[in-house]
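S.K.: need a structure here:
(4 chains)
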Protein chains: 2
Amino acid sequence: MENENKLIDDFKDLLKKKGMKFTEQRAIILQILFSIDGHLNAEEIHDVVKKDYPDSNIGIATVYRTLSFLEEANLITSISFGTEGKRYEGNTKKHHDHLICTKCGKIVEFMDSEIEKKQEQIAKKNGFEITSHNMQIFGICSDCK
Amino acid sequence: MENENKLIDDFKDLLKKKGMKFTEQRAIILQILFSIDGHLNAEEIHDVVKKDYPDSNIGIATVYRTLSFLEEANLITSISFGTEGKRYEGNTKKHHDHLICTKCGKIVEFMDSEIEKKQEQIAKKNGFEITSHNMQIFGICSDCK
DNA sequence: GTCAATGCAAATCGTTTGCATGAAC
DNA sequence: GTTCATGCAAACGATTTGCATTGAC
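M.R.: Modelled structure (predicted):
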């Protein structure tokens, strides 16, 4: 809960710095992303809001607007594959990459420092700056084979 | 042109094997993907059709249907990032990965056999079979920095 | 009191589908 | 002649936008 307060306090500071207002809706969406362990899309986040905060009545448009802002502010990260829209996760954990099953959508997180290093080298060689450091490997998981 | 004929001949064989018909529309779309060096989305392919084959009048639905089939048949490969839909390229070249600028959409191709090996190991360890072998690194290119 | 944020509904974008017509076999 | 593919337009799902109202400051 100390962490939670810090999260909210930092968020308030950020909003103030940007001349934006701290609202209950934004706080709720941020909380959800940092308390749920998974990769949710906008609709699923909206469902969680309706379930866990039934009195708040947040519109789906607000969810989308908030997600865009949070991603831009680097508080959350998105992944996406195929036609499926974006899925988001709070930036709590260490950086990691994703192994995604294109059949069932299962997502496995992994981290390999050697690949990371190689990626950096390749990016630098091509004049790129890896901002989001986002790699995705697509395949078929054991359940779907 | 010998290659081109081989491409078309192989395509005819594949269609026959699947009980599907060889049509001018399918041939045109295949040709475009194998003659243009780049990563086009469905709309852009449709534009090329209208420009380079003005008499053919191919509907956008046919473009989508053909692209889905060609991808499934492993004749073309798709990549996608962000909200942007899929972009396709003909499977002429050796396997390679993509470095994508999330600002301007510029795509740089690269290949690193060490990363490939590592990817395989990670996938295997997690019970995944890498079908499309598709990795994308997102960042900001030098022009957009 | 001012200005940004919200909820709602309408609009938009990319993609898919249903169906009658036309083309491949 | 049969069956599959096509073009068209309508339908669709995810996301965005316009606008009047509400709420934060």
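S.K.: So which residues of chain A form helices?
M.R.: All helices of chain A, identified by DSSP state H, fall at A:2-17, A:24-35, A:42-52, A:60-72, A:113-125.
S.K.: Can you say which of those helices is packed in most?
M.R.: Comparing the helices of chain A by mean neighbour count (mean count of other Cβ atoms under 10 Å in any protein chain shown), helix A:24-35 ranks first with a mean of 19. (Each C-beta comes from the backbone N, C-alpha and C, glycine too.)
S.K.: so that one versus helix A:42-52, what angle?
M.R.: Counting by axes from the mean of the first three to the mean of the last three Cα atoms, to 10 degrees, helix A:24-35 lies at 100 degrees to helix A:42-52.
S.K.: ok, helix A:24-35 near DNA strand D or not?
M.R.: Yes. Using Cβ under 7 Å from any atom of the strand, we find that helix A:24-35 touches DNA strand D at residue A:24.
S.K.: what does stretch A:89-105 give?
M.R.: No. Taking Cβ under 7 Å from any atom of the strand as the criterion, stretch A:89-105 and DNA strand D are apart, separated by no less than 11.9 Å.
S.K.: And the contacts of that stretch?
M.R.: Contacts to stretch A:89-105, defined as Cβ atoms under 8 Å, 6 or more residues apart in numbering or on different chains, come from residues A:30, A:33-34, A:38-40, A:74-77, A:79, A:81-82, A:84, A:106-112, A:115-116, A:133-141, A:143-144, B:122-123, B:126, B:128, B:131-132.
S.K.: got the residues of chain A near DNA strand D?
M.R.: Residues of chain A lying near DNA strand D by Cβ under 7 Å from any atom of the strand: A:12, A:15, A:21-24, A:41-43, A:60-61, A:64-65, A:68, A:85-86.
S.K.: still on that earlier bit, in strands, which of the contacts of stretch A:89-105 appear?
M.R.: Those of the contacts of stretch A:89-105 mapping onto strands are A:76, A:77, A:79, A:107, A:108, A:109, A:110, A:136, A:137, A:138, A:139, per DSSP state E.
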